[in-house]
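Visitor: Output the structure for:
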Amino acid sequence: MSAVRIGTRASALATTQSRLVADRISETLGREVELVEISTEGDRSQAAGTPLAGAASTGVFVSALRDALLDGRVDVAVHSLKDLPTNAADGIALVAVPDREDPRDVVVARDGLTLGELPAGSRVGTGSPRRAAQLHALGLGLDVVGVRGNVDTRIGKVRSGEYDAVVLARAGLARLGRVDEATEVLEPLQMLPAPGQGALAVECRAGDSLGDELAAALDDPHARAAVTAERAVLATLEGGCSAPIGALAEVVEGEDGEELWVRAVALSPDGALSVRMSATGKPADAEGVGTRLADEMLADGAAGLTAATDKRQNA
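Guide: Coordinates of the predicted model:
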């Protein structure tokens, strides 16, 4: 039987994540596995220092891997799930969401400091409008500045003194064995993560029998329900606003069995205005729970957050 070819981006984090999936495939299915590195538009833009922000950046790390799937160069594609566009891709099936890493964000700051310990005016780097808006909303007087590059590059800007801190996903540091470099873990009350953060997406060609095998071997139903709800929030809000969005869902044990708890926030880019809501429902209705929550947020003013910021800036 031929080896399973897994398409992956070439970065250290991407190959580490793909190797985790490869090891699981080898252990559970007894198949040989080969990693195939694919260059993506996002990687090329990142190397050139071109900004990637907002909805226009969605999918730039994904499309080349999907193309490799569809033309038969690889059998499986592994993505950071937060990079996946919310719309379905023709001929592609999301066959597995493996067990999820801690989805929270972390701070890597000079001198072991937390955000609250950084002096006002400290330079804090992030390439994410979601993180930037929530940093502003904390009201700490930080100078939030853009930053690009891989984990080494971002942390290196703190080590060199160019920045006082950067904000990163804890999951990436954990998978690289570098979580001890974080100086603070940000709780969801401080900063809600990106929808799907900390989760991996395993894709195959639609109708490929390998997909059924991978689903049985790799898919985690709690992780799948959580990210389905989060992505439904994102899809619905993106249809009605362009504000930075955070969302986190968890499956918890309730009085009547398992319940899905979803929290979400949409913010103006400067963090001055926000719509924050939560909802509960059954894991089997994950998409419905997320969609209804986002609809309530839009009705409560999420659609006007970016416009409200523009009006204040032009006043």
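Visitor: going forward, measure contacts between C-alpha atoms and count neighbours the same way
Guide: OK.
Visitor: if I've got this straight, Val166 is in a strand?
Guide: Yes. Membership of Val166 in a strand is supported by DSSP: H, G, I helix; E, B strand; the rest coil.
Visitor: okay, now the closest residue to it other than its chain neighbours: neighbour count?
Guide: Excluding the flanking residues, the one nearest Val166 by CA to CA, 6 or more residues apart in numbering is Gly125, at 4.5 Å. When neighbours are counted by other CA atoms under 10 Å, Gly125 registers 27.
Visitor: contacting residues around Gly125?
Guide: Going by CA atoms under 8 Å, 6 or more residues apart in numbering, Gly125 touches Val144, Val145, Gly146, Val147, Arg154, Tyr163, Ala165, Val166, Val167.
Visitor: I figured the fourth one was touching Thr126, is that so?
Guide: Yes. The criterion here is CA atoms under 8 Å, and Val147 meets it with Thr126 at 5.1 Å.
Visitor: wait, what's in contact with the closest residue to Asp219 other than its chain neighbours?
Guide: With CA to CA, 6+ apart as the measure, Ala96 is the residue that lies nearest to Asp219, at 4.4 Å, once sequence neighbours are left out. Going by CA under 8 Å, 6+ apart, Ala96 touches Ala201, Val202, Glu203, Leu214, Ala215, Leu218, Asp219, Asp220, Arg224.
Visitor: isn't the fifth one right up against Val95?
Guide: Yes. Proximity of Ala215 to Val95 meets the contact threshold set by CA under 8 Å, at 5.2 Å.
Visitor: Comparing these two, which residue is more hemmed in?
Guide: Ranked by neighbour count (other CA under 10 Å), Ala215 and Val95 place Val95 first, with 22 against 17.
Visitor: ok, what's across the strand from the residue lying closest to Leu248 once chain neighbours are set aside?
Guide: The shortest distance from Leu248 to any non-neighbouring residue, by CA to CA, 6+ apart, is to Arg263 (5.4 Å). Arg263 has these beta-bridge partners by DSSP bridges: Leu248, Ser278.
Visitor: next one: the one 4 residues further on
Guide: When assigned by DSSP bridges, Leu267 has beta-bridge partners Ser274.
Visitor: cool, Asp143 as well?
Guide: When bridges are called by DSSP bridges, Asp143 pairs up with Arg123.
Visitor: rewinding a little: output the contacts of Gly125 as TSV; include the columns distance to Thr15 and neighbour count.
Guide: TSV is the format used below for these (distance: CA to CA, whole Å; neighbours: other CA atoms under 10 Å):
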residue	distance to Thr15	neighbour count
Val144	30	21
Val145	28	15
Gly146	25	16
Val147	22	19
Arg154	18	21
Tyr163	27	22
Ala165	26	29
Val166	23	27
Val167	22	26
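Visitor: From those residues, pick the one nearest Leu189.
Guide: Comparing the contacts of Gly125 against Leu189 with CA to CA picks out Val167 as the nearest, at 15.6 Å.
Visitor: Helix, strand, or coil at the closest residue to the closest one other than its chain neighbours?
Guide: Computed as CA to CA, 6+ apart, the closest residue to Val167 that is not its neighbour in sequence is Val107, at 4.7 Å. Per three-state DSSP, the secondary structure class of Val107 is strand.
Visitor: Then Gly161?
Guide: Classification of Gly161 using three-state DSSP returns coil.
Visitor: and it, how many neighbours?
Guide: For Gly161, the neighbour count with other CA under 10 Å is 12.
Visitor: so what's it up against?
Guide: Contacts for Gly161 (CA under 8 Å, 6+ apart) come out as Arg110.
Visitor: pLDDT score assigned to it?
Guide: Note on Gly161: pLDDT of 97.
Visitor: related to what we said a few turns ago, mark which of the contacts of Ala96 are buried, thanks.
Guide: Ala201, Val202, Glu203, Leu214, Ala215, Leu218, Asp219, Arg224 (16 or more other CA atoms under 10 Å).
Visitor: How many residues are close by Gly156?
Guide: As a burial measure, Gly156 scores 14 neighbours (other CA under 10 Å).
Visitor: Okay, the residue nearest to Gly141 when sequence neighbours are not counted and Pro269: tell me how far apart.
Guide: Spatial nearest neighbour of Gly141, excluding adjacent residues (CA to CA, 6+ apart): Ala120 at 4.8 Å. Distance, Ala120 to Pro269, using CA to CA, to the nearest Å: 20 Å.
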